[in-house]
Each structure stands twice: as structure tokens, then as C-alpha cells.
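Participant: need coordinates for the following:
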Amino acid sequence: MDWDDLRIFLAVARAESLSGAGKTLRIDPATVGRRIARLESTLATRLFTKTPQGYALTDAGQRLMDPALATETAAATASESLHTGNEALSGQIRLGAPDGSANYLLPQVLAQISADHPSLEIQLVALPRVFNLSKREADMAIAVSRPETGRLTVQKLTDYHLHLAASRQYLAQNPAITCREDLKHHRIVGYIADMIFDKELDYLGEFASAPNLASNSVSVQTQLMRAGAGVGMVHDFAMPFAPELVQVLPETVALTRSFWLVRHADDAPIKRLNTFADLLAIGLRRELQRLEAHPKSIA
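Facilitator: Next comes the predicted model:
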């Protein structure tokens, strides 16, 4: 068995389809299928079973995942050793992030990293959910709570802050908000309850009723508030991008949350990923500080 066979095996396991693996590997799906069939013949066992949802790992396939991942890490480490002393980053790095940080913080940070390392391809996957690093959906991910399970390395990046906000237009057309009790008489913008993917995002439970307008995307929620839809929680770092919004009850309702950088434990020796993680952490902290220092309008 050689590394190229395992590389194709991992691509199918992650994409759960021949076509998805083919896109990742930039080879024809039929070729992917033939290579998997050849590997299964060599091992004399089935690695995948085809289901209506795609290609699922068999028990034997599951057992092959750990050694395949270890081989992948060893190959990456060997490649790194050939470029020791070269300060420029190259290759592809995929970063997963919640859509709030992906929309308001990371574009500026990643633009600077890209400018400093033009041979590096950075892919930012912005989704309101938890990323599966074991399936290599991303090389690293930003999370809003510290993972408690899995073979992961976790680094706290920074704290960030949130306050209630609404548009000036909405506040001018509706009763004044002088205390939490007044929120009962206002339209609330927030998350769809059964689509909150992390307990740290359940902002509204302690001081407001269920939302009248809801989205699984914090960026969409911010846009709803900019359009005058109601009152909701807004990241302080998003306020400079939403000049229509002003903070509401800032001394009474204020939340602090944290960003965590999560990586697969097997990637610890990979210098390229370590360097990128360091640049990301420094840039994100700097950008957050800059945006949160932006003058905030208060109702």
C-alpha cells in the first residue's frame, strides 16, 4: 500500500462521494472509483459501502482512518522539512469559522496574511456550525466554545463582547427602552432555537422572549436589525459595519464570549500550520481591538 492510495481513500472518506473526492484531488471520479476498488482488492476487504447519502466507511474503513491520517501527517511533516528556513508560506490552508467572525473580522486579517505570503492559498469556510476536523473539513477552525472531546489542540484566541442594538429608525418609531422589562413590548431578532449549534450562542434566553424574526446566521440577524426589524444582540466588532445601529441598555445587558482556535492533534509538528496559526492569532486580536475601540452610538 502506498501513500497515494491512502490519499485517495482519505479524500473519499471526507467527501463521502467519488465526485467530491475527484474535485479535491482534481482527477476524474471514475479514476477515483477504480483506485478505491484497487485498494480494496489489495486489502481484500470493503472500505466503503454505498448509501443513498453517499459513500460511508465500513468497519474496516474506520480502522484504516487513523493510520491513513498518521501517514498524511508524516507526509506533510516531511514536506515541511524540505522547506525549513523558508519564511514564506505556500500551499493551501482551509480555515473554518462562524459567520460572524468570518464576515467582520477575518477578511482584514486574511487579506494581510495573503499579501505577506502570496504563494499561500487561504480558503475561508464560513458556516454557522461546528467543523469536523477529523474528517478534515478544515485544517483548523475558530470555535465559540472550548471543545471537550476529540484528539484536538485548543488555543484561546481572545474574548469578544456583545450588546443589544437596534436601528435608529426602529427606536424612533417604537416605545422607549429604559429597562429589560421594556423588551417585552418590542420585536426581537435572534437565532432559530433548534439551529443554535453552540450553547454560547443562546444569547437571548435570560432577558428576552423568543425572537419574532430569526435566522441561523448572525450576519443575517445584523442585517435584519439594520433594516429596522427589531432589537437583538450584536457583536461589538460588527458595529462599525452597521452605522444604522445603536446600542440599547449597554450598562444593563452586556455579554463576553471567547474565540478558540482548534486544530487536529496530529498537525502539531507541521510548521506551516503553526506559523499560520500564530499569524492568525496575532492578526485577529489586533483587528478585534481596533474594531471594538470604534466609537459606539448609544440610544
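Participant: in this structure, which spans are helices?
Facilitator: For the chain, applying DSSP state H gives helices covering 3-15, 18-25, 29-43, 59-82, 99-104, 106-116, 168-173, 218-226, 271-292.
Participant: what's the domain layout of this structure?
Facilitator: Domain ranges of the chain: 3-82, 91-158+258-292, 159-255, per automatic domain parsing.
Participant: quick one: closest of the helices of the chain to residue 257.
Facilitator: Across the helices of the chain, residue 257 has its closest neighbour in helix 99-104 (10.0 Å, C-beta to C-beta). C-beta here means a position set from N, CA and C on the backbone, and glycine is covered the same way.
Participant: now that closest one, how far from the chain's geometric center?
Facilitator: 9 Å (C-alpha atoms, centre = their mean, to the nearest Å).
Participant: okay, now residue 23: neighbour count?
Facilitator: 14 (other C-beta atoms under 10 Å).
Participant: leaving out chain neighbours, which residue sits closest to it?
Facilitator: residue 15 (7.6 Å; C-beta to C-beta, 6 or more residues apart in numbering).
Participant: next: residue 112.
Facilitator: residue 283 is the one closest to residue 112 (C-beta to C-beta, 6+ apart), at 6.1 Å.
Participant: measure that neighbour to residue 292 for me?
Facilitator: 15 Å (C-beta to C-beta, to the nearest Å).
Participant: tell me how far the closest residue to residue 31 other than its chain neighbours lies from residue 39.
Facilitator: In space, and not counting its chain neighbours, residue 31 is closest to residue 22: 7.4 Å by C-beta to C-beta, 6+ apart. For residue 22, the distance to residue 39 equals 16 Å [C-beta to C-beta].
Participant: and what of residue 194?
Facilitator: Distance from residue 194 to residue 39, by C-beta to C-beta: 40 Å.
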